[in-house]
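Student: Sequence first, then the predicted structure, then my questions.
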Amino acid sequence: MCGYGERVAARITELILDAHDPELLARFWCEVLGYVELQRDGEDIEIGPPGVGFGGPQPTIVFNRTDEPKAGKLRLHIDVNATDRDQPEELERLLAAGARVADIGQTGTEPWHVLADPEGNEFCLLKRRVPEV
């Protein structure tokens, strides 16, 4: 059980996502999140919030080049919320950016949309609008 009032020992600073095409995923997720490219290490690309970068309040994302095929549903996925529009308008924006609707067995009555990025990595668009960080 998580304790309240205890000293924080760690926080998430980076998310690492294996990618066949780091360029493609970096462009997609930069458009989705308003991130920018922070650095490259070989074929790997790290993106994060503009003007903040690594260590800021939001984690950066590293797209790690791999030839391994994606096998099945991800055990960890990203959830996003719109900051400046309602969910239906954000869904349109994400689909136009290259996301596609994904079926992982949802009923269709959920208040979120399950989507996939251009390489098939699932993520959810939640209903609530949140303030920009």
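Tutor: All right, it came through fine.
Student: Please list all residues in contact with R65.
Tutor: Neighbouring residues of R65 by CB atoms under 8 Å, 6 or more residues apart in numbering: 19-20, 22, 42-44. For the C-beta atoms, the positions are set from N, CA and C on the backbone; glycine is no exception.
Student: With adjacent residues omitted, what lies nearest to the residue nearest the centre of the chain?
Tutor: Nearest residue to the geometric centre of the chain (CA atoms, centre = their mean): I78, 4.7 Å. Residue nearest to I78 in three dimensions, not counting chain neighbours: F123, with 4.3 Å by CB to CB, 6 or more residues apart in numbering.
Student: who does the helix or strand encompassing the one you found pair up with?
Tutor: In this structure, F123 is located in strand 122-125 according to DSSP states H and E. Neighbouring strands of strand 122-125 in its sheet, by DSSP bridges, are strand 78-80 (parallel), strand 113-116 (antiparallel).
Student: which of those strands sits most buried?
Tutor: The highest average neighbour count among those, using mean count of other CB atoms under 10 Å, belongs to strand 113-116 at a mean of 20.
Student: got a list of contacts for that one?
Tutor: With contact meaning CB under 8 Å, 6+ apart, strand 113-116 is reached by 87, 91, 94-95, 99-104, 106, 122-125.
Student: Of the residues you listed, grab the buried ones for ChimeraX.
Tutor: Selection of buried members from those for ChimeraX, criterion 16 or more other CB atoms under 10 Å:
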select :87,91,94,99,102,122,123,124,125
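Student: quick one: P49 and Q58 touch, right?
Tutor: Yes: using CB atoms under 8 Å, P49 is in contact with Q58, at 5.3 Å.
Student: For those two, list the residues in contact with both.
Tutor: Residues touching both P49 and Q58 by CB under 8 Å, 6+ apart: V133.
Student: Got the domain ranges for the protein?
Tutor: Domain assignment for the chain, taken from automatic domain parsing, gives 10-66, 74-133.
Student: before we move on, the earlier item: how distant is the strand holding F123 from the center of its chain?
Tutor: 8 Å (CA atoms, centre = their mean, to the nearest Å).
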